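Generate a structure from the sequence data that follows.
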Amino acid sequence: MRIRLDRTLCDGFGACAKHAPDYFSLDDWGYASLIGNGAIPDADHDAVKRALLDCPVHAIIEMSAASNGAGSAAVPDIANSATA
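The predicted structure follows:
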């Protein structure tokens, strides 16, 4: 599992740091920061997945297995799928 945190979406609820404190820290204003490079070992998968699912603003993004680290997430590309 690989994740990334979109800090522009974070509203400082702190659920991520509650569920996975080894991977998320909160700054002085309560906004999250990702600890490490986003690679999550199998042993910590459940805690990080709970943090991802409990984030009310969806600021934690699970990267696709095919991702090469260039920022492609496991979401469909709807911007390029519109037909005219």
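
can we go C-alpha only for contacts and neighbour counts from here?
OK.

Now do residue 44 against residue 31, distance only.
Applying Cα to Cα, to the nearest Å, one obtains 22 Å for the distance of residue 44 from residue 31.

Between those two, point out the one with more neighbours.
residue 31 (18 against 13; other Cα atoms under 10 Å).

tell me the contacts of that one?
7, 10, 11, 12, 13, 14 (Cα atoms under 8 Å, 6 or more residues apart in numbering).

Leaving out chain neighbours, which residue sits closest to residue 32?
Spatial nearest neighbour of residue 32, excluding adjacent residues (Cα to Cα, 6 or more residues apart in numbering): residue 26 at 4.5 Å.

isn't that neighbour right up against residue 14?
Yes: counting by Cα atoms under 8 Å, residue 26 does reach residue 14; the two are 7.1 Å apart.

and for those two, which residues touch both?
Counting by Cα under 8 Å, 6+ apart, the shared contacts of residue 26 and residue 14 are residue 32.

would you turn the contacts of residue 31 into TSV with distance to residue 55?
Conversion of the contacts of residue 31 to TSV gives the following (distance: Cα to Cα, whole Å):
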residue	distance to residue 55
7	12
10	9
11	9
12	10
13	8
14	8
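
so residue 34 makes contact with residue 5?
Yes: the pair residue 34 / residue 5 is scored as a contact, 6.3 Å apart, by Cα under 8 Å.
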